[in-house]
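In: Coordinates for the following, if possible.
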Amino acid sequence: EEGRAARAAVEAARAKVAALVGARPEDVIFTSGGTEANAQALTAQAGEDSWHCYLSAIEHPSVLSGGRFHPETTTIIPVTPDGIVDLGMLAAKLEKHKPGGWRPLVSLMAANNETGAIQPVAEAAAIVHQAGGVLHSDTVQAAGRIPLDIAALGADMVTLSAHKIGGPKGIGALVLAEGVGVEAL
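Out: Numbers count the residues shown, from 1 in each chain. Here you go, the predicted model:
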């Protein structure tokens, strides 16, 4: 009985997290926090030879250092003086790697905790998907502050942290877009 009650509480929490970002409950993977969720998003493909990781220069340290990509398969994308990712540079870098057979995994935060800059995640996702890639967005700082919808963002994965939205520390989530499975990326 206690196990069923605990399971019901977890599933209710899973449904609430999914609703926060417009996802399905079955696409929510709980983690120990935003850092683990970011690491999980960025390490799913790190062992595959065909992936190249692209990170904006202003990502959280858990993104900039959390993946297991080798330096030669990681590219940092600069931001404009306004703190917005340079989408032209992202497109150019992705185009440059297209002939090499690399599949891009791009990580772009939704909102910067220091500057408040809101990143053009949907526009970046369109560029990434056109190049055959996958987009992860660290939405830890945006959740509860701006509307988030994983489909509207065009993100394949988003990460969240409970303590940033009034929940307990030590709980995070990696949320997958419908039809995206970590093992299928």
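In: Going by C-alpha atoms from here, please, whenever you check contacts or count neighbours.
Out: Fine.
In: average pLDDT across the lengthiest helix in the chain?
Out: Counting by DSSP state H, the longest helix found in the chain is helix 2-21. For helix 2-21, the mean pLDDT works out to 92.
In: for it, packing partners?
Out: strand 28-31 (3 or more CA pairs under 8 Å, 6 or more residues apart in numbering; DSSP states H and E).
In: List the buried residues in whichever helix or strand comes after the strand it packs on.
Out: On the C-terminal side of strand 28-31, the nearest following helix or strand under DSSP states H and E is helix 34-43. For helix 34-43, a neighbour-count test (16 or more other CA atoms under 10 Å) marks 34-43 as buried.
In: go on, stretch 86-102?
Out: 86-87, 90-91, 93-94, 102.
In: Kindly export the longest helix of the chain (C-alpha atoms) in PDB.
Out: These are the backbone C-alpha positions of helix 2-21, laid out as PDB (Å, rounded to 0.1, in the frame of the first residue of the first chain):
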ATOM      1  CA  GLU A   2       2.800   2.400   0.900                       C
ATOM      2  CA  GLY A   3       4.600   1.600  -2.400                       C
ATOM      3  CA  ARG A   4       1.400   2.300  -4.400                       C
ATOM      4  CA  ALA A   5       1.000   5.600  -2.600                       C
ATOM      5  CA  ALA A   6       4.600   6.600  -3.300                       C
ATOM      6  CA  ARG A   7       4.200   5.700  -6.900                       C
ATOM      7  CA  ALA A   8       1.000   7.700  -7.200                       C
ATOM      8  CA  ALA A   9       2.800  10.800  -5.700                       C
ATOM      9  CA  VAL A  10       5.700  10.400  -8.200                       C
ATOM     10  CA  GLU A  11       3.200  10.000 -11.100                       C
ATOM     11  CA  ALA A  12       1.200  13.100 -10.000                       C
ATOM     12  CA  ALA A  13       4.500  15.100  -9.900                       C
ATOM     13  CA  ARG A  14       5.500  13.700 -13.300                       C
ATOM     14  CA  ALA A  15       2.100  15.000 -14.700                       C
ATOM     15  CA  LYS A  16       2.600  18.500 -13.200                       C
ATOM     16  CA  VAL A  17       6.200  18.700 -14.600                       C
ATOM     17  CA  ALA A  18       4.900  17.600 -18.000                       C
ATOM     18  CA  ALA A  19       2.100  20.200 -17.900                       C
ATOM     19  CA  LEU A  20       4.600  23.000 -17.100                       C
ATOM     20  CA  VAL A  21       6.300  22.500 -20.500                       C
END
